[in-house]
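*Asks:* Let's see this in three dimensions:
(2 chains)
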Amino acid sequence: MDWFPLLNSVRVALISTALIFLLGIWAANGITRLPAWLKGAFDTVLTLPLVLPPTVVGFFLLKTISPKTALGSFVLNAFGWKLTMTWFSAIFATTIVAFPLMYRTARGAFEQLSPEWEACAETMGLSKRFIFWRIKLPNCRAGLLAGVVLSFARALGEYGATSMVTGYIPGKTATVATTVYQLWREGNDALAYRWVLIDLGISMVVLIAMNLFEKQGGAARAGSTD
Amino acid sequence: MLEVRIEKRYAGFHLQMEFSAGRETMAILGASGAGKTMTLRCLAGVIRPDRGYIALDGHVWFDSERRVFVPPQERGVGLLFQNYALFPNMTVRQNLLCGLRRDTPRNQRDEAIQQLMERFCLNGLGDRLPSQLSGGQQQRVAVARCLARKPKLLLLDEPFAALDVHLRWQLEQELAATLENYDGTALYVTHDREETCRLCQRVCVVQGGCSHPPVPVVEWYHQPASRCAAQLAGFENVAEAVCLPSGRAHIPDLAVDWPCEQADVAGVAFRLEDAALAAQAQDFAVLCRIIRSTEQETVASPVQRPDIYVRARPDGRIHAGEHAYVCVQPEKLIWLRREVSSCSLRQS
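*Replies:* Numbering: from 1, shown residues only, chains lettered A, B, ... in the order given. Predicted structure coming up:
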C-alpha cells in the first residue's frame, strides 16, 4: 500500500493549520476593535467559506491563481512556481475552507474574556503586546486549541476545493480524500475501504482530543487543575 | 487636586460629571446604573469621554478642547475592580509584578514584591493562582497590586461587593487603615451609606449620570440637599413637596400642608426614628391607618393616600387596622431643595 496520500494529507493539513492559527487569531483579535458596522461586514466575508460549497471556493481559487490568471502567470514567470496542480496548491484550498472554524472559535474565546482584564492591565502600564501575549492568549487557551483541532480536522478531510486546484496525481498531489474518490471510481473497493477506515480513525482521534481539551479548559476555569 | 468635568453620551444614557477632590477619600455614591463605574473608567482612561476636562495636580489627562488624551498606561492610577480582575493565568507574585511600575529596576522587583506581600498579609501565597485563594485573599492581592505602583489617584469600584457579609467588616478595617496611610486622592464608588460614613470624608451623589456638588459626609447624612441624596443617606420617608404662597408646603403623597418657612422647597424627608405615633394632630402630622406593627417599625398609610407607605417608630400599643397620627419631630424634618446636579447647572 502506498502511504503517500496520508503523508501528503497530513503535511498539507499541518501547514495550513499553522497558517490558519496565526491568521485566525489575528483576524479575531483585530475585529473586536472595529466599529460595529465594519465588524459585521468583515465577519460575513471571513465566515463565508464555511457556508459556501467548497467547489465554489475552488472555482474562485482557480480564477485567481491558475497560470492563466495575472497572479498565477506572474508567480510562474518570476519564481517558476506553478500554483495549481502541485501538492502545495492544496494548502491554499484547505486554508481558506478551514479558516472560518479557527476564526469563529477564536473570536468566541476572545469575546468571553473579561474585558476588565485588559482595562486593568492598561491602567497598570502594560503594553498592548504584553496584554495580548501574556493575558489574552493564555486565558483563552482552551478555546484556541479547540479551534486548532477543528481546523486541522477540516483541513485533513477537505475534498471539494482541493480536488479542483490539485487534481489527482498519484504520488504528487493525491490526498486521502481524493484517493478514496479515485479508488471508488476505479472500482477498487477493498483499498478504498482501507483508506476510509484510516480516515475514520484519524477523525475520531481528533474529536476525542478536542473533547479532552474542552474538559481541561472547563476544569481550569473552575480552578481545580494546574 | 483632581478636577473632573466630563460628558459622555450613550444610547439612552448621558453621563455628566463635575466635581473636584483633594487629598481625601471621596465617595461617589449612587444607585446602580447611575454612571459611577463609567466615571471611574473615564478617569482611568479606559473610556474616552466625549467632552470635558480631567486633570490631577495640574497634569491634564483629558481636554477635549485642546485635544489632550493621556492613555491609561501613562496616567498611573490604581483602579480596583469590583471583581478584582486578577489575571487567572498568573500567580500572586506575577500579578503583583504586573502592578509594579515599569521603570522599577530588575534587582529591586523581588524586594518590592516581598514588601507588598508582607504589608498585605500574603506571605506564603506567592505561588498560588487567584483561583486557589479565598475571596478575602483575592481582594488583598488586588489592593496590593493596585497600590504597587504608588498611584497618585486611587479608584475603588465597590471593593466589597463580591464578598460575603461576615468578611466585609474585617476587610473594611484593613482598607480603612490603607486609606489613612495613603497620600493622594481616593475615589470610592459605592451605594452603601454605612461604608460611605466609615471610609469617606466627602460624598458626591450621582443620579442618572449626573453628579451633585460634593459635600462633607456629615452634612449629607444629616442635611441631605436633594431627594436622591436623602434616599441614599437612608431616610426611610422621602416625598415630593410643593411650596404654597401661605408659608406652607403641600406634600401630595401624604395629602397634607405643613408649615414651611423656606422658599424653593422641592421635597421633604424624615427618618423612621424621628416619626412617632400619637392620638392627636400636631403641626407635622398625618392621619394614617396602621398596616403593620413590628419590633423594628410601624408601617402606616395616610388615610387619604392608601397607596403610600409611611414608616415610623415601633409602638406596641397600636395594632394593625387602627388609626393614628404619624407625627414628625419638627427639628428633625428636612426640607429638600430642587435637585442640584451637574445637569441642572448646565441647563440653566
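*Asks:* Any figure for the gap between the nearest residue to A:Ile202 once chain neighbours are set aside and A:Ala28?
*Replies:* Counting by Cβ to Cβ, 6 or more residues apart in numbering or on different chains, A:Ile202 lies nearest to A:Leu156, which is 6.5 Å off, once chain neighbours are set aside. From N, CA and C alone the C-beta is placed, and that goes for glycine too. From A:Leu156 over to A:Ala28 the distance is 22 Å, taken as Cβ to Cβ, to the nearest Å.
*Asks:* which strands and helices sit next to the helix or strand in which B:Val4 is found?
*Replies:* Secondary structure assigned from DSSP states H and E places B:Val4 in strand B:2-10. In terms of contacts (3 or more Cβ pairs under 8 Å, 6 or more residues apart in numbering or on different chains; DSSP states H and E), strand B:2-10 is packed against strand B:13-21, helix B:36-44, strand B:51-56.
*Asks:* Hey, what's the angle from that strand to helix B:36-44? Just curious.
*Replies:* Angle between the axes of strand B:2-10 and helix B:36-44 is 120 degrees (criterion: axes from the mean of the first three to the mean of the last three Cα atoms, to 10 degrees).
*Asks:* Can you tell me the strand partners of strand B:2-10 and which way each runs?
*Replies:* Each strand paired with strand B:2-10, and its direction, by DSSP bridges: strand B:13-21 (antiparallel), strand B:51-56 (antiparallel).
*Asks:* Which one of those lies nearest to B:Gln139?
*Replies:* Taking Cβ to Cβ, strand B:13-21 is the member of the strands paired with strand B:2-10 nearest to B:Gln139, at 23.5 Å.
*Asks:* List the buried residues for the closest one?
*Replies:* B:15-19, B:21 (16 or more other Cβ atoms under 10 Å in any protein chain shown).
*Asks:* Just list what the longest helix seen in chain A packs against, helices and strands only.
*Replies:* Counting by DSSP state H, the longest helix found in chain A is helix A:189-222. Under the contact definition 3+ Cβ pairs under 8 Å, 6+ apart, helix A:189-222 sits against helix A:141-157, helix A:176-186.
*Asks:* Verify the stated contact: B:Ala255 with B:Val286.
*Replies:* Yes: assessed by Cβ atoms under 8 Å, B:Ala255 is found in contact with B:Val286 at 7.5 Å.
*Asks:* okay, these two: which has more neighbours?
*Replies:* B:Val286 (24 against 14; other Cβ atoms under 10 Å in any protein chain shown).
*Asks:* Flag the shaky bits of the chain, pLDDT-wise.
*Replies:* In the absence of a named chain, this looks at chain A. Applying pLDDT under 70 to chain A flags the ranges A:216-226.
*Asks:* You answered for a different chain; I wanted chain B.
*Replies:* For chain B (pLDDT under 70), the answer is B:340-348.
*Asks:* Helix, strand or coil: sort out the closest residue to chain A within it for me.
*Replies:* Going by Cβ to the nearest Cβ, chain A is nearest to B:Ser131 of chain B, at 2.9 Å. For B:Ser131, the assignment made with DSSP: H, G, I helix; E, B strand; the rest coil gives helix.
*Asks:* for stretch A:19-39, the distance to its chain's centre please.
*Replies:* Offset of stretch A:19-39 from its chain centre (Cα atoms, centre = their mean, to the nearest Å): 15 Å.
*Asks:* tell me which parts of the stretch 51-200 of chain B are close to chain A?
*Replies:* Counting by Cβ under 8 Å from any Cβ of the partner chain, the residues of the stretch 51-200 of chain B close to chain A are B:71-79, B:81, B:83, B:85, B:87-90, B:98-99, B:101-102, B:129, B:131-132, B:145, B:149.
*Asks:* cutoff 7 Å now
*Replies:* B:72-73, B:77, B:79, B:81, B:85, B:87-89, B:98-99, B:101-102, B:129, B:131-132, B:149 (Cβ under 7 Å from any Cβ of the partner chain).
*Asks:* What residues does chain A have near chain B?
*Replies:* Selection of chain A residues close to chain B by Cβ under 7 Å from any Cβ yields A:114, A:116-117, A:119-126, A:135, A:138-139, A:223, A:226.
*Asks:* Name the nearest residue to B:Met117, sequence neighbours excluded.
*Replies:* Nearest residue to B:Met117, sequence neighbours excluded (Cβ to Cβ, 6+ apart): B:Asn123, at 5.6 Å.
*Asks:* how near is that neighbour to B:Val205?
*Replies:* Counting by Cβ to Cβ, the gap from B:Asn123 to B:Val205 is 40 Å.
*Asks:* And those two? Which one has more around it.
*Replies:* Taking other Cβ under 10 Å, B:Asn123 and B:Val205 do not tie; B:Val205 has more neighbours (30 against 9).
*Asks:* check contacts around that one.
*Replies:* With contact taken as Cβ atoms under 7 Å, 6 or more residues apart in numbering or on different chains, B:Val205 is in contact with B:29-30, B:212, B:228-229, B:232.
*Asks:* Can you lay out the helices and strands packed on helix A:189-222 as CSV showing mean neighbour count?
*Replies:* CSV is the format used below for the helices and strands packed on helix A:189-222 (neighbours: other Cβ atoms under 10 Å in any protein chain shown):
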stretch, mean neighbour count
helix A:141-157, 23
helix A:176-186, 18
